[in-house]
Every structure is written in structure tokens, then in C-alpha cells.
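Undergrad: heads up, no residue letters with this:
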């Protein structure tokens, strides 16, 4: 340890000792009964409010997902037929993603790329059009003909309704990143993982892939700080015209 490090460690210990001493000298008996009671009630109310908000969000996730799976079942069928006729390979693509607080899970999507897409990705890295730790190409040669259509209309994301029912995702929240992307995050960017990841979110209705990564993170953090039942409803309603316009979807 260098001399400067020793001095810094000593200074830090002094500050800790001072803080402990100030705490020990506090006379909590001077705090009135009613003030303590009011504080306790406020704390309990805050905890109940958080739990209630989480319960309502989960209830909405489950009910809307079940309704959407039923409503979009014809689209599921037509998409499955189109994918099978267009190129060889499975109907669905399962990929490991990072959820809330770093939890790993398998996300489901309709397959929109050729089966050798992952092997071809390394050769395309120099053509990456996104900044930060993500990879995006407007004319990605790995995407199939049907894949371009279902990506433009966000149909490829519909199987993630299963992830929502399983509690791995929410309808609204930051998009789930890849583990190797998270490995490249700076400290403040990891705040994206402080909420349940979602199918849609503030970033998706504000430009999607047209945004740079810095703006992407800023929108996700803004959502986390503002999240509420009515904010989720607002984002869900904005998702409809965003999907129909197809802006930033590729």
C-alpha cells in the first residue's frame, strides 16, 4: 500500500469513527411518541404502496398476456406457416438474456434469421451501425425475407408473452440485454437492470433502434424513476402507433 493510500484509509476510518460517535450521542428518548408513531405509519404505508403497485402490475401482465395470446393466435399460426415455407430451421428462437437484477432467463422470439446467424455475426461486426455494446444493422444479411416483415411489425416479439406469464418479463420495462452486453456496461448503465424487463418500454416508443445507446439508457432510467400503473398504460397505448409505423424496427 502506498503512503497516499494509507493516508486515505486513515482519513476514511476517522470519518467512520466520527459518524459512529455522533450516532452514539443521539438521545432518541427526546423523540415524541406521536412522531415515532407517525414515522412508523408512513414507513408502513410506503411499503404497502410499493407492494400494491407490484401486485397491480403483475395482475395487468397476466390478464393482458392471456388476452393477447388468444387475440393474436391467428397471427401466430400464419407466422409459423410463413417461417417454415421461407427457410429451414425451427419456428422459435430461444436466447439467454439478462433480467431484473442480473437474473438470466431464456427469451422466446419467432425465428427471423437464418440458422447460421450467430456464426456469421463475427464477420459482420465491422458493419455494426449501433454504438455502445449492442449490434444493429439496417440491412443485416442474416435476416430472412419473412424475418424482415415480422421484425418491422414486431411480430417476432409476440412469443415473449409466454415469458411474461412465467414472470420472467413484464409487458412494460427496459428491453432484456445479452449477458455479453451487460459485461461491457459502465456502472451507471447497470441501473437498467433495476426493473423487470419488458416487451415494450419508453425506449421502444421513443425511437427504438434509431436511438444511440446513451439515449437508450437514459430512457430506461427515466422509466424506472417514473414507473407506475398509469405510466405503463400510457406506454402500452403509445406502442400501438409505434408498431404500426415501424420506425426504428430492423
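TA: That came through, no problem. Quick caveat, the model's predicted, so the values are computed rather than measured.

Undergrad: centroid-nearest residue for the protein?
TA: The centre of the chain sits closest to residue 174, judged by CA atoms, centre = their mean, with a distance of 2.5 Å.

Undergrad: gap between the residue lying closest to that residue once chain neighbours are set aside and residue 235?
TA: Once flanking residues are discounted, residue 174 sits nearest to residue 220: 4.0 Å by CB to CB, 6 or more residues apart in numbering. C-beta here means a position set from N, CA and C on the backbone, and glycine is covered the same way. Going from residue 220 to residue 235 by CB to CB, to the nearest Å gives 12 Å.

Undergrad: joint contacts of these two?
TA: By the contact definition CB atoms under 8 Å, 6 or more residues apart in numbering, residue 220 and residue 235 are jointly contacted by 201-202.

Undergrad: list the contacts of stretch 226-233.
TA: Stretch 226-233 has contacts (CB under 8 Å, 6+ apart) with 53, 56-57, 60, 171-172, 195, 223.

Undergrad: tell me, how many residues neighbour residue 87?
TA: Neighbour count for residue 87, taken as other CB atoms under 10 Å: 16.

Undergrad: that one: what's it in contact with?
TA: Shown in contact with residue 87 (CB under 8 Å, 6+ apart): 114-115, 144, 146.

Undergrad: out of those, who's nearest residue 82?
TA: Lowest distance from residue 82 to those (CB to CB) belongs to residue 146, with 4.7 Å.

Undergrad: nearest residue to that closest one other than its sequence neighbours?
TA: Distances taken as CB to CB, 6+ apart place residue 86 nearest to residue 146, at 4.2 Å, with adjacent residues excluded.

Undergrad: next: residue 95.
TA: Distances taken as CB to CB, 6+ apart place residue 107 nearest to residue 95, at 5.6 Å, with adjacent residues excluded.
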